[in-house]
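K.L.:
Could you work out the structure for the sequence below:
(2 chains)
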Amino acid sequence: MEAASTQPNKCCCRKPQAATADYAGPCQPVSDPAVWSLPWVVGRIPTPVGDVPIVSTTLTWRDRLGAWKVRWAIGRMSFRVPPGLYAVGSPDENSPILATANYKLSFDQLRSQLAGRNAWVLVLDTKGVNVWCAAAKGTFSTDELVRRTQATGLAKIVSHDVLIAPQLGAVGVSAGEARTRSGFRVLFGPVRATDVPQFLDDGFKSPSMHLVRFALKDRVTLVPVELVQWARKASVASAALAILASFGREGCSWEGFVSSGLPSGLLMLFAVLSAVLFGATLLPWLPGRAFSCKGAWLGACIAVAFVAAVAWGSVGRFTPLEIAGWCIAFPVIASYVLMDFTGVTPYTSVSGVRWEVRRALPLQIAGIAVAAILWLLGRFVA
Amino acid sequence: MNGFQYISGVVSLTVDEAKCVGCRMCVNVCPQGVFVIENRKAKIHRRDDCMECGACAKNCLTSAITVQCGIGCARALIRSVVFGTEPTCDCSGDSAA
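P.N.:
Got it, this is the predicted structure:
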């Protein structure tokens, strides 16, 4: 697929792609035939190079269900829109052109902001990935932008040369190079689709439209997908621990599983998932700059809660050494989970991550080893 | 970004003032408000806010900006060390690509 994307554009002569591959780019006529049967395509508009599909600016329950599913990591990589040119309203040669990614969530956010307007929407082939990530991966790129403007015959449809791209696409698109190669002047618009109407009205990007945000709402949005992905991993570790903890000095037994295996496995799952949930929501308020440090503090709080719960006798019976082992394991697990969170936050630098991983990872490995030894001693020796 | 500061003093961003023509492109594309223009030259105003995404360097008309850009993701870094490959964003469990 990567190879296909770097080939020069041959449009109609392009060989049909494998069944699993993306939709082929639009040819003459402008759109892929599959486009016409899509539920959000509500009409067609004739242009000098063929009919262009008109899309609805209203999101239906189906679009919202799709968005909800990807937030829970269901079919995330196949939530796509065929790349190509689309129309909103009844655009003409003077209407603005807005570029976006072919992740349907990105596309839906953009079109839902364009109600009552006339515009062209150029969807780049980003393999179903959002603008920013695709720009970093190199699919929302100068190459793809140039190729897509040519494949759609955009220059024959409009009489101007301005193409508005989302600002975060600037990571992958060089406006200067795009202009030389495609003839279009790339104007980097607002970061968020919700600011697009204001931007179109004023023709001006206010300072707040430049900056990424990571408000509580944005962080909470990340929680479901992170929970699902971590639950998948943690369930393996939890199951392994549950089996191990079912062994007592007299061997493995059902009683051992119920009294010790199951609580241990659940504790592991709890350690990971609580770190994800509280880590994401409380991120800016946790002490320290390094995420591993924030996580360690969070884990310490979880450990305190655990000790309190044990003291109340509500989470089963543990030996003191076992409890000590857990009290080390909680901060280490949360530290690791939060450090991993650097990949989904919009403000971590690669230099910073390198700095942090180099220092934190050895400590985390040592910590988990100590926790494991204490736990084993607590279970089998003491 | 307001309320969010990552590790300080590690960022690799540089601006060559001699090359800078003050076109404001860096100010326009930076998602963290790192740059300001002073006396028609780009200045690094909030260095520690830089997340090394590389948008500024990519769009600098005169190649005055350099930055070691990459993905600030611990998982990608750890994987690249373990498997001896380049760090990538491809970590989605259900990735079809």
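
K.L.:
Could I get the full set of helices for the stretch 201-350 of chain A?
P.N.:
Assignment of helices within the stretch 201-350 of chain A using DSSP state H, counting those that start in this stretch yields the ranges A:207-210, A:216-245, A:254-256, A:262-282, A:291-311, A:320-340, A:350-380.

K.L.:
how about those in CSV, adding distance to chain B and mean pLDDT?
P.N.:
Using the backbone N, CA and C atoms, a C-beta is placed for each residue, glycine as well. Formatted as CSV, the entries for the helices of the stretch 201-350 of chain A read as follows, by distance: least, C-beta to the nearest C-beta, whole Å; pLDDT from 0 to 100:
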stretch, distance to chain B, mean pLDDT
helix A:207-210, 7, 91
helix A:216-245, 5, 94
helix A:254-256, 32, 84
helix A:262-282, 12, 95
helix A:291-311, 8, 95
helix A:320-340, 5, 96
helix A:350-380, 4, 95
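
K.L.:
Format these as JSON lines; extra columns: mean neighbour count and distance to residue A:171.
P.N.:
As requested, these are exported to JSON lines (neighbours: other C-beta atoms under 10 Å in any protein chain shown; distance: least, C-beta to C-beta, whole Å):
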{"stretch": "helix A:207-210", "mean neighbour count": "14", "distance to residue A:171": "14"}
{"stretch": "helix A:216-245", "mean neighbour count": "16", "distance to residue A:171": "19"}
{"stretch": "helix A:254-256", "mean neighbour count": "13", "distance to residue A:171": "53"}
{"stretch": "helix A:262-282", "mean neighbour count": "20", "distance to residue A:171": "23"}
{"stretch": "helix A:291-311", "mean neighbour count": "20", "distance to residue A:171": "22"}
{"stretch": "helix A:320-340", "mean neighbour count": "24", "distance to residue A:171": "22"}
{"stretch": "helix A:350-380", "mean neighbour count": "18", "distance to residue A:171": "13"}
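
K.L.:
Tell me which of those helices lies nearest to residue A:43.
P.N.:
Distances from residue A:43 to each of these were compared using C-beta to C-beta; the shortest belongs to helix A:207-210, at 30.9 Å.

K.L.:
Select, out of the helices of the stretch 201-350 of chain A, the one closest to residue A:83.
P.N.:
Ranking those by proximity to residue A:83 (C-beta to C-beta) places helix A:216-245 first, at 24.1 Å.

K.L.:
Tell me the helices and strands packed up against the closest one.
P.N.:
On a contact count with 3 or more C-beta pairs under 8 Å, 6 or more residues apart in numbering or on different chains; DSSP states H and E, helix A:216-245 meets helix A:61-71, helix A:262-282.

K.L.:
Quick one: distance of the shortest one to the chain centre.
P.N.:
Taking C-alpha atoms, centre = their mean, to the nearest Å, one finds the center of helix A:61-71 at 15 Å from the center of the full chain.

K.L.:
list the helices and strands that helix packs on?
P.N.:
Checked by 3+ C-beta pairs under 8 Å, 6+ apart, helix A:61-71 has helix A:104-112, helix A:216-245 packed alongside it.

K.L.:
right, and the helix or strand after the shortest one?
P.N.:
Later in the chain than helix A:104-112, the nearest helix or strand by DSSP states H and E is strand A:119-123.

K.L.:
In the sheet, which strands lie alongside that following strand, parallel or antiparallel?
P.N.:
Paired with strand A:119-123 in the same sheet, following DSSP bridges, are strand A:84-88 (antiparallel), strand A:97-100 (parallel).

K.L.:
Buried ones in the last one, by neighbour count?
P.N.:
By that I understand strand A:97-100. Using 16 or more other C-beta atoms under 10 Å in any protein chain shown as the test for burial, strand A:97-100 gives A:97, A:98, A:99, A:100.

K.L.:
Torsion angles phi and psi at the spatially most central residue of chain B?
P.N.:
Within chain B, one residue has its C-alpha closest to the average C-alpha position: by C-alpha atoms, centre = their mean, that is residue B:52, at 1.9 Å. For residue B:52, the backbone dihedrals are phi 50, psi 40 (criterion: degrees, to the nearest 10).

K.L.:
Contact partners for it?
P.N.:
For residue B:52, the contacting residues are A:349, A:350, A:351, B:11, B:12, B:13, B:67, B:68, B:69, B:70, B:72, taking C-beta atoms under 8 Å, 6 or more residues apart in numbering or on different chains as the criterion.

K.L.:
If any of these are buried, put those into a PyMOL selection.
P.N.:
Remark: buried members of the contacts of residue B:52, expressed as a PyMOL selection using 16+ other C-beta under 10 Å:
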select buried, (chain A and resi 349+350+351) or (chain B and resi 11+13+67+69+70+72)
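
K.L.:
which one among the contacts of residue B:52 gets closest to residue A:174?
P.N.:
If you rank the contacts of residue B:52 by distance to residue A:174 using C-beta to C-beta, residue B:69 comes first, at 13.1 Å.

K.L.:
where's the closest one relative to residue A:138, distance?
P.N.:
As defined by C-beta to C-beta, to the nearest Å, residue B:69 lies at a distance of 12 Å from residue A:138.

K.L.:
And for residue A:346?
P.N.:
As for residue A:346, its distance to residue A:138 is 19 Å (criterion: C-beta to C-beta).

K.L.:
swap in residue A:259?
P.N.:
In this structure, residue A:259 and residue A:138 are separated by 53 Å, where distance is defined by C-beta to C-beta.

K.L.:
Quick check: bridge partners of residue A:123?
P.N.:
According to DSSP bridges, the residues that bridge with residue A:123 are residue A:84, residue A:100.

K.L.:
Would you mind listing the buried residues in the lowest-mean-pLDDT helix or strand in chain B?
P.N.:
The weakest-scoring helix or strand in chain B, judged by mean pLDDT, DSSP states H and E, is helix B:74-83 (a mean of 90). Residues of helix B:74-83 classed as buried under the neighbour-count rule (16+ other C-beta under 10 Å) are B:74, B:75, B:76, B:77, B:78, B:79.

K.L.:
same thing with stretch A:192-212?
P.N.:
Applying a neighbour-count criterion of 16+ other C-beta under 10 Å, the buried positions in stretch A:192-212 are A:192, A:193, A:195, A:196, A:199, A:200, A:205, A:209, A:210, A:211, A:212.

K.L.:
again, but for stretch B:46-60
P.N.:
Applying a neighbour-count criterion of 16+ other C-beta under 10 Å, one finds B:48-60 buried in stretch B:46-60.

K.L.:
With just CA atoms, put it into PDB.
P.N.:
Included here for stretch B:46-60 are C-alpha records, laid out as PDB according to Å, rounded to 0.1, in the frame of the first residue of the first chain:
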ATOM      1  CA  ARG B  46       8.400  29.300  24.600                       C
ATOM      2  CA  ARG B  47      11.100  26.700  23.800                       C
ATOM      3  CA  ASP B  48       9.900  24.100  26.400                       C
ATOM      4  CA  ASP B  49       6.400  24.000  24.800                       C
ATOM      5  CA  CYS B  50       7.900  22.700  21.500                       C
ATOM      6  CA  MET B  51       6.800  19.200  20.800                       C
ATOM      7  CA  GLU B  52       9.200  18.700  17.900                       C
ATOM      8  CA  CYS B  53       6.400  18.000  15.400                       C
ATOM      9  CA  GLY B  54       8.400  19.600  12.600                       C
ATOM     10  CA  ALA B  55       5.600  21.700  11.000                       C
ATOM     11  CA  CYS B  56       7.700  24.900  11.300                       C
ATOM     12  CA  ALA B  57      10.900  23.400   9.700                       C
ATOM     13  CA  LYS B  58       8.800  21.800   7.000                       C
ATOM     14  CA  ASN B  59       7.200  25.100   6.000                       C
ATOM     15  CA  CYS B  60      10.100  27.500   6.600                       C
END
